[in-house]
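Asks: Model the structure of this input:
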Amino acid sequence: WGVVETRKRRYVTLRSYARECYAMLQNRTVFYVGLYSLMHGTIGDINTTASGNVAKEWAGVHNMQAALFGIVGAAIFALGLYLVKTRLLHVNWRFIIAGTTVLLTAVDSVFTFMTVFGVVRNQYFYLGETVIVMVPAAARFLVTTFVVVELAPDGKEGIMFGLMTTLHNLGGPMAQAISNSVFALFQPSLSNIKNYRADTMAFRTTVAWSYALSYFAGLVALGLLPLLPKQKDDTHRRLQQWDTREVYAKWTIGMTLFAWIYSTTMNLMAMFPATQCLEFVGGEGC
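Replies: Got it, this is the predicted structure:
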């Protein structure tokens, strides 16, 4: 609305455009940010497989209440975006991600452990955490978008955003596949609903340790922050001064394909009855 643009006609072949994109991937700055996007999601999103049963069996969360809190959370998320836009545009990106991660972990742990150990088991108390954490979640989301904006060369904004978004989104399925394998080792089984209904102190402790491991993974992922530029000036400096090698493009394409194949295979195996019982996909053994 009210924006006037002049169309620039530039005819390029698919081959020449692909060649230009491949050249873009050869920059070490692009490789580092791509590596951060994939690995931060893969490590930081490792989450205990007990979360679903904790919400359903111990907190007593119902679908309608969860949906309503989700709507409120979306409104709070929008408020968080506004706060970042007006207050945090020039703050160090690494500080924002580190601070919001620690804050999210601290807030979530209070609600979670009080539910796990039976101090407070109420769906409204448990769902309150989903609203509180939306402001720092919005800040962390915007930072990853800022990086892509500064990283993309003129005319390659779409492909750069697509690449980084793909790598970031692949981290979730990768983390899920790893989580299924890791938390299948916890005993008593975190996937057996009978253990939640028995609700013994030994099992509560097992669930608590699984959450502690999840939180620890999120904090470990902060060790990847040096891969991320500090701010837009640092991004431009890296683009101008850091080296360009073909091996960076090959590694970026390779890790994207590996993450896609691995996560798709593992998560599909966890869905089909014939393979979901396998221990390395999170089952109890066939």
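Asks: can we go C-alpha only for contacts and neighbour counts from here?
Replies: Will do.
Asks: So, low pLDDT: which residues of the stretch 151-286 of the chain?
Replies: Scanning the stretch 151-286 of the chain for pLDDT under 70 picks out the ranges 279-280, 282-286.
Asks: Can you list the residue ranges for helices in it?
Replies: 157-183, 193-198, 201-220, 232-241, 246-269 (DSSP state H, counting those that start in this stretch).
Asks: Would you tell me which one of these is buried the most?
Replies: Ranked by mean neighbour count under mean count of other C-alpha atoms under 10 Å, the helices of the stretch 151-286 of the chain are led by helix 157-183, which reaches a mean of 20.
Asks: now the angle from that one to helix 201-220?
Replies: Taking axes from the mean of the first three to the mean of the last three C-alpha atoms, to 10 degrees, one finds helix 157-183 and helix 201-220 inclined to each other by 150 degrees.
Asks: Tell me the gap between helix 157-183 and the middle of its chain.
Replies: Centroid separation for helix 157-183 versus its chain: 7 Å, with C-alpha atoms, centre = their mean, to the nearest Å.
Asks: Just want the most central residue of this protein.
Replies: Gly41 (3.9 Å; C-alpha atoms, centre = their mean).
Asks: and that residue, how far is that from Ala50?
Replies: 19 Å (C-alpha to C-alpha, to the nearest Å).
Asks: Could you do His168 as well?
Replies: Counting by C-alpha to C-alpha, the separation of His168 from Ala50 is 24 Å.
Asks: what about Val22, how many residues close to it?
Replies: Rather than Val, residue 22 is Tyr. 16 (other C-alpha atoms under 10 Å).
Asks: Tell me who's in contact with it.
Replies: By C-alpha atoms under 8 Å, 6 or more residues apart in numbering, the contact list for Tyr22 reads Ala249.
Asks: Repeat that for the one 5 residues further on.
Replies: The contact partners of Asn27, taken as C-alpha under 8 Å, 6+ apart, are Leu239, Trp242, Asp243, Thr244, Arg245, Tyr248, Ala249.
Asks: where does it fall, phi/psi-wise?
Replies: With angles defined as degrees, to the nearest 10, Asn27 sits at phi -80, psi 140.
Asks: quick one on the thing from earlier: nearest to Gly99, of the helices of the stretch 151-286 of the chain?
Replies: helix 201-220 (10.6 Å; C-alpha to C-alpha).
Asks: packing partners for the closest one?
Replies: Helices and strands touching helix 201-220, by 3 or more C-alpha pairs under 8 Å, 6 or more residues apart in numbering; DSSP states H and E, are helix 28-44, helix 93-116.
Asks: Nearest to Thr235, out of the ones you listed?
Replies: Among the helices and strands packed on helix 201-220, the nearest to Thr235 by C-alpha to C-alpha is helix 28-44 (7.8 Å).
Asks: Phe95 versus Asn53, what's the distance?
Replies: Applying C-alpha to C-alpha to Asn53 and Phe95 gives a distance of 34 Å.
Asks: so when I look at Arg7, I'm seeing a helix, right?
Replies: No - counting by DSSP: H, G, I helix; E, B strand; the rest coil, one finds Arg7 to be coil, located in no helix.
Asks: what about it, how many neighbours?
Replies: Arg7: 6 neighbours (other C-alpha under 10 Å).
Asks: how about TSV for the helices of the stretch 151-286 of the chain, with distance to Phe111 added?
Replies: Output for those, formatted as TSV (distance: least, C-alpha to C-alpha, whole Å):
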stretch	distance to Phe111
helix 157-183	21
helix 193-198	18
helix 201-220	12
helix 232-241	36
helix 246-269	29
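Asks: how about stretch 173-181 as CSV, C-alpha atoms only?
Replies: Provided in CSV are the C-alpha atoms of stretch 173-181 (Å, rounded to 0.1, in the frame of the first residue of the first chain):
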residue,chain,number,x,y,z
PRO,A,173,13.1,-33.3,13.1
MET,A,174,16.8,-34.1,13.7
ALA,A,175,16.3,-33.3,17.4
GLN,A,176,13.1,-35.4,17.5
ALA,A,177,14.9,-38.4,16.0
ILE,A,178,17.8,-38.0,18.5
SER,A,179,15.4,-37.5,21.4
ASN,A,180,13.6,-40.8,20.5
SER,A,181,16.9,-42.7,20.6
